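[1] Compute the structure for the input listed below.
(chains A and B)
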There are 2 protein chains.
Amino acid sequence: MRELMQSIAREQPRINAEIARHLALLPPIARPVAEHVLSAGGKRLRPLLTLLTGRALGCARDDLLYTLGAAVEMLHAATLLHDDILDNSSLRRGRAAAHTVYGSTPVILAGDALLAKALLMVSSFGDARLTACISEAVMRTAEGEMAEFANLRNGAMRHNEYIEIITGKTAWMLRASCELGALSAGADASAAGAAAEFGLELGIAFQMVDDALDFSPSRHTGKPTGGDVREGKATPPLLLYFAALPEKEAAALRGKFASGSFTEEEIAAVSEAILLRGHAEATREMASVHLEKALSALGALPDCPERRILEEMTQYIQRRDL
Amino acid sequence: MRELMQSIAREQPRINAEIARHLALLPPIARPVAEHVLSAGGKRLRPLLTLLTGRALGCARDDLLYTLGAAVEMLHAATLLHDDILDNSSLRRGRAAAHTVYGSTPVILAGDALLAKALLMVSSFGDARLTACISEAVMRTAEGEMAEFANLRNGAMRHNEYIEIITGKTAWMLRASCELGALSAGADASAAGAAAEFGLELGIAFQMVDDALDFSPSRHTGKPTGGDVREGKATPPLLLYFAALPEKEAAALRGKFASGSFTEEEIAAVSEAILLRGHAEATREMASVHLEKALSALGALPDCPERRILEEMTQYIQRRDL
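    Model prediction:
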């Protein structure tokens, strides 16, 4: 994955400069909140997807690609601001979540301002296809998060419901990152569709690996922390575990999960059992299927250095361990 | 105001049908929340402003005007959804506020989906000026609300700070309603500027009258309810009252307002004193100044039936009593 890592290192400064340039145009009162979440790091994978798909398909307009990439990252940041309030999270990327520093009200509003700013950046190019793509991604993201909320503590969730949730809350924004690049290049419907499909499948896999990682041993204790179980999020490792248990035992655990009455000891025991029985590993294998689909979609793009970096991104997601 | 009332009665059904048509395209999970807030009534003044300014300036494209009007009303509804959570309000237009029915999480997310949908509706026409106008209004609205939050319980707020707050939280969206109409008509910069100024001054006056009405006698008790004092919102009636008191007395009351330690009896006494001393009436007189500016801006529009209805709207705002 050397080329991907080099590409990240090469592009990050300019992506960050572009984000900073637009943050400076936010209403002054919203700026510190937006900067708080956007300066907390992150690899800027979404803007990188826009750059790479755009260039792979022949877009030479760097000004357009960097602005679109920055807009996607800013939209992502807006959703993080709202999410952390919804999840009542205290940490984000290892830093205090914005709402614990600034309070919920300024954070909801700064999220709105950031959302509007990002949509304004995209619409400034006067291309209705770009604006439609990004606006739809915002709607789908909200839809996925609502579906997740509606299924909290549902230990009997079906796989297709899980796929719908993560397609919305995670994959659609990666899909949009790639589609924006393709549209910038003036790609035809077939190439733009392939780029969008690559992003979508990559996003689904990304979230599945994330959900598997929630059950990986903590660096400190050597045991999984079980954060998703505690928050009532039903993800494949837990759903596979329930499905593999004798029905009576599964029903009892689903009941406890539904009522939120798991003790810390039970969460620890369930999380460790999930890890030992290989359900986290099986979730990574699920992700592989989607990464294969992503790779296959990439086949429609011209063979070029950017396509090879995008191919490496599938390996990166497969292997990532934090 | 007969022509205004006829215009409201005539246009409401088509405006509502246009809103309903677009709500049906929202993610199904967001729809009930959006419908809850949008079916609670309201005169649809914002869409009416778009229709009237657009037609006054010669726009014959009804499809464009109704869609833009519906988008503005949907954006307004999105901000109401987020506001009611922020203010922790239990009622909105006489109905239970959405978050008390659906919970905060679905309401924040449905607000996001509605925001994205409205921006998508505007951007679908592929005119960057329309999209820039509406995106800026969303940013300004969030900015005004953040400024209001930052000044909660500030009984020493200056008049220009108050104007900044209401320009953002209320007036900018009315400004955008009018500017969208003018842009649809292909108006030149001077006419579009006049339409925008009309909307802005109308919006400032609208909020001032709203703030005066908070101190009008309740139909049930004959006494003002003092809702804004209770919520810590410093508005002209309260600020004028503080300014007219002997400094020592004013400082003591500002201190209590700042610490949120007013008792219900004190709120009632302050509110009644404000009403008796004419500070609510003085606030309406402040609004008149802005309505005069609005009327003067209207002078730049062609003399036509639509302009006369817009003129009546200034009277309507001057006189409204609920």
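[2] Quick one: neighbours of residue A:286, just the number.
    The tally of other residues near residue A:286 (other CB atoms under 10 Å in any protein chain shown) stands at 19. C-beta: built from backbone N, CA, C; applies to glycine.
[3] quick one, what contacts it?
    A:208, A:236 (CB atoms under 8 Å, 6 or more residues apart in numbering or on different chains).
[4] so how far is chain B from it?
    To chain B, residue A:286 is 24 Å away according to CB to the nearest CB, to the nearest Å.
[5] Pop out the phi and psi values for that residue.
    Phi and psi for residue A:286, reported as degrees, to the nearest 10, are phi -60, psi -40.
[6] Also residue A:96?
    The phi/psi pair for residue A:96 (degrees, to the nearest 10) is phi -60, psi 130.
[7] Could you list everything it pairs with in the sheet?
    Note on residue A:96: beta-bridge partners by DSSP bridges are residue A:91.
[8] quick one: low-confidence ranges for chain A?
    A:87-94, A:322 (pLDDT under 70).
[9] which residues sit in contact with the residue nearest the centre of it?
    Nearest to the mean C-alpha position of chain A, by CA atoms, centre = their mean, lies residue A:170 at 3.9 Å. Shown in contact with residue A:170 (CB under 8 Å, 6+ apart): A:144, A:203-204, A:206-207, A:210.
[10] Let's see that with 7 Å instead.
    Shown in contact with residue A:170 (CB atoms under 7 Å, 6 or more residues apart in numbering or on different chains): A:203, A:206-207.
[11] Neighbour-wise, give me the winner out of those residues.
    Counting by other CB under 10 Å, top hit in the contacts of residue A:170: residue A:203 with 28 neighbours.
[12] That one and residue A:209, how far apart?
    According to CB to CB, to the nearest Å, residue A:203 stands 11 Å off from residue A:209.
[13] Residue A:138 now?
    Applying CB to CB to residue A:138 and residue A:209 gives a distance of 24 Å.
[14] And residue A:119, by the same measure?
    29 Å.
[15] For these two, work out which one has more neighbours and name it.
    residue A:119 (29 against 23).
[16] re the thing from before, pretty sure the residue nearest to the centre of chain A belongs to a helix, no?
    Yes - under DSSP: H, G, I helix; E, B strand; the rest coil, residue A:170 sits within a helix.
[17] Tell me how far it lies from residue A:205.
    10 Å.
[18] where does chain A come near chain B, residue by residue?
    Residues of chain A lying close to chain B by CB under 7 Å from any CB of the partner chain are A:27, A:29-30, A:82, A:86, A:105-106, A:108-109, A:112-113, A:115-117, A:119-120, A:123-124, A:126, A:128, A:131-132, A:135-136, A:138-139, A:142-143, A:145-147, A:149-150.
[19] Mind checking which of those residues are in helices?
    A:82, A:86, A:105-106, A:108-109, A:112-113, A:115-117, A:119-120, A:123, A:128, A:131-132, A:135-136, A:138-139, A:142-143, A:145-147, A:149-150 (DSSP state H).
[20] Selection in PyMOL covering whichever of those are buried, please.
    In PyMOL syntax, the buried subset of those is picked out as below (16 or more other CB atoms under 10 Å in any protein chain shown):
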select buried, chain A and resi 82+86+105+106+108+109+112+113+115+116+117+119+120+123+128+131+132+135+136+138+139+142+143+145+146+147+149
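[21] Residue A:106 is in contact with residue A:31, isn't it?
    No - the criterion here is CB atoms under 7 Å, and residue A:106 misses it with residue A:31 at 11.0 Å.
[22] Quick one: residues contacting the residue nearest to residue A:47 when sequence neighbours are not counted.
    With sequence-adjacent residues excluded and distances taken as CB to CB, 6 or more residues apart in numbering or on different chains, residue A:47 is closest to residue A:69, at 2.8 Å. For residue A:69, the contact set (CB under 7 Å, 6+ apart) comprises A:15, A:46-47, A:50-51.
[23] Residue A:56: neighbour count?
    26.
[24] how far away is the residue nearest to it when sequence neighbours are not counted from residue B:252?
    What sits nearest to residue A:56 in space, not counting adjacent residues and going by CB to CB, 6+ apart, is residue A:306, at 3.9 Å. Applying CB to CB, the value for residue A:306 to residue B:252 is 68 Å.
[25] and the residue of the stretch 151-300 of chain A nearest chain B?
    Using CB to the nearest CB, the closest approach of the stretch 151-300 of chain A to chain B is made by residue A:168 at 8.1 Å.
[26] That residue reaches residue A:140, doesn't it?
    Yes - the criterion here is CB under 7 Å, and residue A:168 meets it with residue A:140 at 4.9 Å.
[27] More neighbours: which of the two?
    residue A:168 (24 against 21).
[28] Not counting its neighbours along the chain, what's nearest the more buried one?
    residue A:144 (1.9 Å).
[29] Pretty sure residue A:171 is one of the things the one you found touches, is it not?
    No - the criterion here is CB under 7 Å, and residue A:144 misses it with residue A:171 at 8.3 Å.
[30] give the contact list for residue A:58.
    Contact analysis of residue A:58 by CB under 7 Å, 6+ apart lists residue A:185.
[31] Double-check that it belongs to a strand.
    No - Residue A:58: not assigned to a strand; according to three-state DSSP it is coil.
[32] measure it to residue A:182 for me?
    10 Å.
[33] Okay, the residue of chain A positioned farthest from its centre and residue B:308: tell me how far apart.
    The centre of chain A is farthest from one residue, residue A:248, which by CA atoms, centre = their mean lies 35.3 Å away. Using CB to CB, residue A:248 is found at 76 Å from residue B:308.
[34] again, but for residue A:119
    Distance, residue A:119 to residue B:308, by CB to CB: 36 Å.
[35] And residue A:209, by the same measure?
    64 Å.
[36] what's the angle from the host helix or strand of residue A:75 to helix A:104-123?
    Remark: residue A:75 resides in helix A:62-87, with elements defined by DSSP states H and E. With axes from the mean of the first three to the mean of the last three CA atoms, to 10 degrees defining the directions, helix A:62-87 sits at 160 degrees from helix A:104-123.
[37] Which positions within helix A:62-87 qualify as buried?
    A:64-87.
[38] Now do that helix against helix A:128-150: the angle between them, please.
    Using the same axes, to 10 degrees: helix A:62-87 against helix A:128-150 is 20 degrees.
[39] okay but residue A:56 is in contact with residue A:307, surely?
    Yes - shown here, residue A:56 and residue A:307 form a contact pair, counting by CB under 7 Å, at 5.1 Å.
[40] Which neighbours do the two have in common?
    residue A:301.
[41] Name the residues of stretch A:293-311 that are buried.
    Buried, per 16+ other CB under 10 Å, within stretch A:293-311: A:293-295, A:297-298, A:300-301, A:306-311.
[42] I meant to write stretch A:211-218 there.
    A:211-216.
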